[in-house]
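A.B. asks: Need a 3D model of the following:
(2 chains)
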Amino acid sequence: MSTTFKILIAAILIAVIGIMSIYSSASRKEGELWETLCQRQMIWVALGLLAFWFFFKFNYRWLWDWTYFIYGVVVFLLSLVFILGIVRLGAQRWLNLVWFNFQPSEIAKLITIMFLAKYFSMKSVDDVALKASKFGLWRALILPFIFVAIPVFLIIEQPDLGSGAIVFMIFFIMLYLSNVKLRFIIIFLALLGLAIPVGWNFLRDYQKDRIMVFLNPNIDPLGAGYTVIQSKIAIGSGGFFGKGWLSGTQSQLKFLPESHTDFIFATFSEEWGFLGAVILIGLYFFIIQQGIRIAERTSDHYGKLLALGITLMLGMQTCVNISMNMGLAPVVGLPLPLMSYGGSSVIVTFIALGILANVSKTRAVF
Amino acid sequence: MRIKLLHFFVIVLFVSLAVSLANLTIFQGEKFRDLSNKNCIRLIPQEGARGKILDTNGEMIVGSSISYDVVVLPQEREALEKTFSGLSVLLGVSTEELWQKFRRGYSEPSVPVSVVKNISLEKAVSIEERKLDLDGVVIQSGAVRFYPYGALASHILGYLSQIDRWRLTKLADYGYKTKDIVGMGGIEEKYDYYLRQEGGGLSVEVDHQGRFSRVLGFRPAQSGKDVQLTLDLRIQKITEIALEGKTGAVVMMDPESGEILAMSSAPNFAPSLFVNKANKSVSNLFADPASPFLNRAITGLYPPGSVFKPVVAVAGLETNKINMVTTYNCPGFLAVGRREFKCWDTHQNQNLLQAIAHSCDVFFYKTGLAVGAQGIHDYALRFGLSRPTAIELPYEESGFIPNPIWKKIYKFQKWYDGDTANFSIGQGEVLTTPLQICRMMAVFANRGKLVTPYLIKAIDGVDVSANHRRISPMAFKNSTINNINKGLRGAVSEEKGTANVLANLGVSVAGKTGTAQNPRGLSHGWFVGYAPYEKPRYVICVLLEHGAHGYSAAVVAKRIFELLMQQGLI
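C.D. replies: This next block holds a predicted model:
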């Protein structure tokens, strides 16, 4: 069985599990909104599969040529969100397209990977080796940092701290994978450590609250702390075999907010127990294993970086979201890839997997 | 090499996820299943008190008083039948009503529902005493709005009500939630962000009998900030007394700074009606044809009639179309084109001073025709007409001043001289609010400065009036303002002046009456003026909707000045 096929099967399985959980979390709630959630998610998955096929089909080298252009478009979209946010005086993560809300910060994660993959896989004319390992501080660190910082700033301003942090982590991992000198990365991390106390002042009050609540969930019994406690109860009460599909009590009776988006993992594991949840985590792990294998087999450095970046992005989002559900990470508002309700997230994840499969298919050419 | 290391790191991450999952579900599973079965976490919200609204001397206009609400916990659903029958005996409310309130207020299993609001202290105590029989009942103390002066200044204050869908979509980003109580109209709405309290609460764990066992978390509730107004309660009361039983508005302002000292609109309403929601009386008020919720001082639009004449006079003097010796003969009418425009009397020869004092229409027809419609329009705009005054109240109207180009574009009609004649006595399409007229008169009272009216003096004890005070000098000749002031004084002091009723008060008043014809019934009566003439302290604008004549408005102003003098305020 080809790698592409394996990835696709695992992704579809996860998406189906997601739809089932959304159905379950919505089934006992009233109102038409809830009834349509499940149907809409199915449409998103179907569109996602189309996107997967589309990005699988063409040669991914085409992306190489268009990277900077797409980067520009995404930064433009983010600025648009930013400006609309100023105009409407409030939080703004969405662009209201004609028939659905589009969240550009999702695609910004992907384009950052593409951008960095291209940037660090440049080769000099007379040398086959990568330039990145010989880069000085400016070209290895500061220049790419500026290009990453622009979308990150716009995302954090939205304010979407979770996505901003993920893009930042991607940046760091890409630096590491591109054979940038280790001491640069250490300097970078040290500077970052110094910047945290300064950055604290730039966070919105509610973002500070969230981090404080993460450290001690009980200081906000009515808000995020409540969610974390309920989410832990939901997961824990599932036990080994779970309460069974459609029989979760925490998630269905509205004790657990956001049960169909960021906290869908809690909904799922309440009903399917440890067994189901471990299988789910296993499916994610399987996709990530396949991704790393693709990267290892690819000789083209651009493809390699692209595959690794995408794989690690999915891995990180999965880990952060599941940890958040179990009360091990702050509630930062990150969806669980492929499972959480939401069109932008589902489609972008499928696009990313499409590119991954594409790299796998084309690797022999270069 | 680096890939291998990262790969290893990913494996470690996923394994630790699985391990902590096992920890939650298998090792601690029993504990969480217990918690889940009993739903033993209760949220007890606590509300802070909304900020007070104070007058300029720090006197409280609106405050909060303590209230006791009966709240039930939805988790105790099985016990509610018994609880409600117990409550209905104690409170004298039928069980059906309690169930109805419960169903309407229910949102989430974890959120308590308030079924009876604002009960007396004695009843609250008696419920607390029988707590063991009444499962799932909590007496929650909170704050309700308290209006020591009843309907006083109700239009400035506004009232409180549950947030509606339209406001919620606008304000959700600021942390507003469904069922929040927000300000509607007036300062309560405009300064809701400062006034509103922040809810806190307790989350507590209870045992399987619903008895409290320990506190899990606590966030203190926060009270709102106090807002201090420039309003003077003493003057506000006087204006409301003078307006009693009438329909109209009074605005009183400090001519030098633009501070609003009093603003009343009649008929008014009692904001306390919204505290104990007596739905019937509130909906009756909304259906009232006299529209008691309308703040006529800023939202009511009226043709200014003769009170517009000082603007025309300024335009005439400043453009040198007339001067102090210009005299027009008033035979009681003026023929413009094929139409005859009447004056309300036959004044014979009139110069500017006399024309203002006697409110001679013919003089102003001629002045207006000499200046031209565009010229009058431009001067009117300089007096701040046709745009909102930027007072800190919601729903202010901008009024309207026509001009020939507007008529061409929007009505596809030519502007005739007859339109100019109508325009120059403040009729036709001209629309103003009493506040705008008051502001216009302040230019004469302070000898040539356009002030911006404002209401907010301090927020949370911090003086913010400097941010609101905007005074811009107008480039008029000193003589222009002084001469018109003489005319305005003449309207009061001269025996035949239109505002002569204000003559023998013991305080020197200057002003102008107006009788504005309108297509819907009787004319509106205006009086706008200031006092004392030598060193003005107050600008006053009285409007009586369908008050028949400017004279009646001047009588209201007289009553206000009398009362002000009685209390030594002038």
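A.B. asks: name the helices or strands packed onto the strand or helix carrying B:Asp378?
C.D. replies: Using DSSP states H and E, B:Asp378 sits within helix B:373-382. The contact analysis (3 or more CB pairs under 8 Å, 6 or more residues apart in numbering or on different chains; DSSP states H and E) places helix B:373-382 against helix B:309-318, helix B:404-411, helix B:417-424. C-beta coordinates here come from the backbone N, C-alpha and C atoms, glycine included.
A.B. asks: Tell me which of those sits most buried.
C.D. replies: Highest mean neighbour count among the helices and strands packed on helix B:373-382 (mean count of other CB atoms under 10 Å in any protein chain shown): helix B:309-318, with a mean of 25.
A.B. asks: Give me the packing partners of that one, helices and strands only.
C.D. replies: helix B:352-358, helix B:361-371, helix B:373-382, helix B:434-445, helix B:478-493.
A.B. asks: What are the buried residues along the first one?
C.D. replies: To tie it back to what came earlier, the one meant is helix B:352-358. For helix B:352-358, burial by neighbour count (16 or more other CB atoms under 10 Å in any protein chain shown) applies to B:Leu352, B:Leu353, B:Gln354, B:Ala355, B:Ile356, B:Ala357, B:His358.
A.B. asks: re the thing from before, quick one, which of the helices and strands packed on helix B:309-318 gets closest to B:Leu334.
C.D. replies: In terms of CB to CB, the element of those nearest to B:Leu334 is helix B:361-371, at 4.8 Å.
A.B. asks: What helices and strands are in contact with the closest one?
C.D. replies: Contact here means 3+ CB pairs under 8 Å, 6+ apart; on that basis helix B:361-371 packs against helix B:309-318, strand B:328-330, strand B:333-336, strand B:339-342, helix B:352-358, helix B:417-424.
A.B. asks: so what's B:Ser552 closest to, chain neighbours aside?
C.D. replies: Distance criterion CB to CB, 6 or more residues apart in numbering or on different chains; nearest residue to B:Ser552, sequence neighbours excluded, is B:Gly525 at 4.7 Å.
A.B. asks: That neighbour contacts B:Cys541, correct?
C.D. replies: No: the pair B:Gly525 / B:Cys541 is not scored as a contact, 11.7 Å apart, by CB atoms under 8 Å.
A.B. asks: and those two? which has more neighbours close in?
C.D. replies: Between B:Gly525 and B:Cys541, B:Cys541 has the larger neighbour count (other CB atoms under 10 Å in any protein chain shown), namely 31 against 28.
A.B. asks: show me what contacts the residue of the stretch 301-450 of chain B at minimum distance from chain A?
C.D. replies: Closest residue of the stretch 301-450 of chain B to chain A, CB to the nearest CB: B:Pro394 (16.0 Å). B:Pro394 is in contact with B:Gly185, B:Gly186, B:Glu189, B:Lys190, counting by CB atoms under 8 Å, 6 or more residues apart in numbering or on different chains.
A.B. asks: count of neighbours near the closest residue to the second one other than its chain neighbours?
C.D. replies: When you say that, I think you mean B:Gly186. In this structure, B:Gly186 finds its nearest non-sequential neighbour in B:Gly158, 2.8 Å apart by CB to CB, 6+ apart. Counted with other CB under 10 Å, residues neighbouring B:Gly158 total 27.
A.B. asks: if we can go back for a sec, C-alpha coordinates for the helix or strand that contains the residue nearest to B:Ser552, PDB please?
C.D. replies: In this assignment (DSSP H and E), B:Gly525 forms part of strand B:524-531. C-alpha atoms of strand B:524-531 as PDB (Å, rounded to 0.1, in the frame of the first residue of the first chain):
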ATOM      1  CA  HIS B 524     -44.300  75.100  18.500                       C
ATOM      2  CA  GLY B 525     -43.400  77.800  21.100                       C
ATOM      3  CA  TRP B 526     -39.700  78.700  21.600                       C
ATOM      4  CA  PHE B 527     -37.900  80.900  24.100                       C
ATOM      5  CA  VAL B 528     -34.200  81.100  24.000                       C
ATOM      6  CA  GLY B 529     -32.200  83.500  26.000                       C
ATOM      7  CA  TYR B 530     -29.600  84.200  28.700                       C
ATOM      8  CA  ALA B 531     -29.300  85.900  32.000                       C
END
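A.B. asks: Which strands border the helix or strand containing B:Glu205, and is each parallel or antiparallel?
C.D. replies: Assigned by DSSP H and E, B:Glu205 belongs to strand B:200-206. The strands beside strand B:200-206 in its sheet (DSSP bridges) come out as strand B:41-46 (antiparallel), strand B:212-219 (antiparallel).
A.B. asks: Let's test this: mean pLDDT of the shortest one, rounded?
C.D. replies: Taken as a whole, strand B:41-46 carries a mean pLDDT of 71.
A.B. asks: next structured bit after that strand?
C.D. replies: strand B:53-54.
A.B. asks: Touching that next one from outside, list them.
C.D. replies: B:Met60, B:Ile61, B:Val62, B:Gly63, B:Leu157, B:Ile187, B:Glu188, B:Leu195, B:Asp226, B:Val227, B:Gln228, B:Leu229.
A.B. asks: give me that answer again for 6 Å
C.D. replies: For strand B:53-54, contacts defined as CB atoms under 6 Å, 6 or more residues apart in numbering or on different chains pick out B:Met60, B:Ile61, B:Val62, B:Ile187, B:Val227, B:Gln228.
A.B. asks: now stretch B:323-343
C.D. replies: Contacts for stretch B:323-343 (CB under 6 Å, 6+ apart): B:346-347, B:349-351, B:360-363, B:365-366, B:417-418, B:421.
A.B. asks: Name the residues of it that are buried.
C.D. replies: By 16+ other CB under 10 Å, the buried positions in stretch B:323-343 come out as B:Thr326, B:Tyr328, B:Cys330, B:Leu334, B:Val336, B:Phe341, B:Cys343.
A.B. asks: So the first one lies in a helix, does it not?
C.D. replies: It refers to B:Thr326. No: B:Thr326: not assigned to a helix; according to DSSP: H, G, I helix; E, B strand; the rest coil it is coil.
A.B. asks: Enumerate the residues of chain B near chain A.
C.D. replies: Within reach of chain A by CB under 6 Å from any CB of the partner chain, chain B has these residues: B:2, B:7, B:10, B:13-14, B:17-18, B:20-21, B:24-26, B:28-29, B:32-33, B:35-36, B:43, B:108-109, B:173, B:201, B:203, B:216-217.
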